[in-house]
Structure formats: structure tokens, C-alpha cells
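Student: I would like the atomic coordinates for the input below:
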Amino acid sequence: MSDFSSYKKADLVTVLKKLEIHTVSKDTKKVLVDKLDKYVSEHPEDGALTIQSILDEAEDVNGDDEDNETTLNEDNDEIADEEEEEEVVVVVPETEDDDDKDYEAPPPLSLKEWVVDPVIEQWENFVEKVYEYTDSVGITYLEYSDDLRERLSKAITLNYLELVLEFAFFIYAYVPIVPLKDNGFNHQVLKDNIYFFGESEILTPDFTALLSTKVIATFVIWAFDAVLLPLLVAYYVNFSRRVLVFDNNDGIVARIYTYDPFVFALSKVLIYYFITKNSDGFLTFKTGDSLYATVNNFFVLYDSYYAQFTAVLGSFPLVLGASNILVALYSQFEEY
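Tutor: Residues are numbered from 1 along each chain as shown. Have a look, this model is predicted:
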């Protein structure tokens, strides 16, 4: 149990604001306490003393406000008593109109009070229960959340995600779904001796299709055009240099990334566009028995396999690659 759990939520918010730690109105008391514990762990020497001093100041201010409010209420009561003594009672005969004026209609149904607030309260209770459970099993939510946010906020991560999506699409395009009895991995020995393997109609992916020459050639060309060649360009054309300053000393110039994510995304888009839109002009079959014609026809044949895959991909790599270019360009202004 944290030492700060006994304080009010308003006092915890005040401390976090003075420590310049970001908070939102939806943060529960549990989340605020976790943020203070994290600050103490990051500042083991004076973190706890700093927070305690701010909390003591907040309590002193609240105490003074309560004394002032008590004094003000007493003065108001005295003034009200004096005004009541000076009031003159005037009796006015009641009429039917007066009876109508005394009628007060019931207040309208408050959707916020009866629907929105209970839903928010239940959600906050659920989130707090989740936090308590994760703490009990040794999982700190804030640490994992900050780590995930840090990883996803890098331009190079988006390049990795694009490659993963393209590879997943490759598997989807070339791995057929067949009944178990017709699956290439289902050996004939199993079919002959086990009835289930010989007659089952359960749909399963047939990964033996990946062993065909056409699929292997397509994968090799994709790996070269979409991964290796852009990486080579991003390694030698690298604009990710920054001036790094440590402890107010003289700065040093260093590269943040070994492979520039902006150049990688840009070169990948240009290579894909060149292959899909302009490769037909120079990749054509040659006639003759010369070595040049043989090598050319070999590359043209396997490039046609890759062209079939790019036709299925369509403009997906162009759109996603253009998005990565914009994000990488924006991240160039990041300060280190």
C-alpha cells in the first residue's frame, strides 16, 4: 500500500501539477498514486521529501481556507439575524392566482445524473480493480504503458509494421486453406492408419505451398526489393544526425538511427513504384542462345511471378509508405 493513498485526490493532483507531471481529469486516485510512486522511484534521494513538503503546504492552505470560511459564515449569520429583526410582516390575502404561483413543476429528467455518471463510475471502478490485480501479480501498468507508447512513437517502428503487414499479406496470398485430409503436411502414413487424418474435412492452412519455386522466387524478390535494397540506401544516405549534449558539456554529433527511417520509407516507395509501373519497358524476353539472353529471360520469368504478387498488393505499399514518409519527416524535428 502506497504512503500517498491516504491523501485526497485534489491534493495529489496539486502535487503532480507542481512536479510538472501530466494528469487528466479522468485519472483515478489509484493512477495518481502510481504516478507519484514512479516519481519517487526515479528520484530516490529527494523524491519522497519533495512530495511530502508539497502535500504539507497544500494541507496548510486548506486549513487556512476552512478557518476563513468559518469566520465568513459566522459574519453572514449575524447579518442575516439583524435583517430578520428589521423585516416587516405584511399579510396579503390569498387568491387562486397565488395558489397557481405556488405550484412548482418537477425538475426535468437529468440524463447525465441517471445514465452518464453511473456508467463513468462503474468504468472507473473496473479500471481500478484491474490496476489492483496487475499490482498484485507484479505487473506495473504505467511502466508497460509508457514502454509501449515509446516504442510506437518511433518512425522506425512504423517501417517494421509495414514490412510485417506485407509479409502477412504474402502468407495470406500463397497459403491455401484446404481440408485436413488434403493437406500436404498430412503424411500418407497418418492417413492410412488414423481414420481422422484420412477423412477429416476440417479446414487447415497448407504451408507446403510455400515450398514451390514460384513462391520462393516471389519471396526472394520481395525481400530484396522491399527490405534489403531500401536498407542499403538508408544506411549510406542517413540524415538522422543530431547534436547530443550531456550534462551541459560540449555537444557531439551522432546518428540516432543506423538506418534512416525517412530514407528507408522513401526508397521503398520509389522502388515499388518503379517496379510496378515502369519495369515492362526493359524487362522483356530476348531471343537467341547467348548467355545474356539466358540470364535476361531467367530474371524476366521470375519477375513476372513477383509482378503477380504486386498486382494483388495494389497501391497498399504506396499509401502506407507515403504515410511513413510523412511521419518520418515530422520526426526529424524531434529534439534529443
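Student: how far out from the middle of the chain is stretch 39-53?
Tutor: From the chain centre to the centre of stretch 39-53 is a distance of 29 Å (CA atoms, centre = their mean, to the nearest Å).
Student: check stretch 300-318 too.
Tutor: Chain-centre distance of stretch 300-318: 31 Å, with CA atoms, centre = their mean.
Student: and it, what's buried?
Tutor: Neighbour-count burial for stretch 300-318, counted by 16 or more other CB atoms under 10 Å, picks out 300, 302, 303, 305, 306, 307, 309, 310, 313, 317, 318. Yep, even glycine has a C-beta here, placed from its N, CA and C like the rest.
Student: and the last one, what does it touch?
Tutor: Neighbouring residues of residue 318 by CB atoms under 8 Å, 6 or more residues apart in numbering: 269, 272, 273.
Student: you'd agree the second one is up against residue 222?
Tutor: Think residue 272. No: using CB atoms under 8 Å, residue 272 is not in contact with residue 222; the gap is 9.9 Å.
Student: quick one: which of the two has more around it?
Tutor: Neighbours of residue 272 and residue 222, each counted by other CB atoms under 10 Å, are more numerous for residue 272; the result is 22 against 19.
Student: which non-adjacent residue is nearest the more buried one?
Tutor: Spatially, and ignoring its direct neighbours in sequence, residue 272 is nearest to residue 317 (5.0 Å; CB to CB, 6 or more residues apart in numbering).
Student: so how far is the helix or strand hosting that neighbour from its chain's centroid?
Tutor: For residue 317, the host element (DSSP states H and E) is helix 316-331. Here helix 316-331 is found 17 Å from its chain centre; the criterion is CA atoms, centre = their mean.
Student: now it: buried residues?
Tutor: Neighbour-count burial for helix 316-331 flags 317, 318, 320, 321, 324, 325, 327, 328, 331 (criterion: 16+ other CB under 10 Å).
Student: ok, now stretch 175-195?
Tutor: In terms of neighbour count (16+ other CB under 10 Å), stretch 175-195 has its buried residues at 178, 180, 181, 183, 186, 191.
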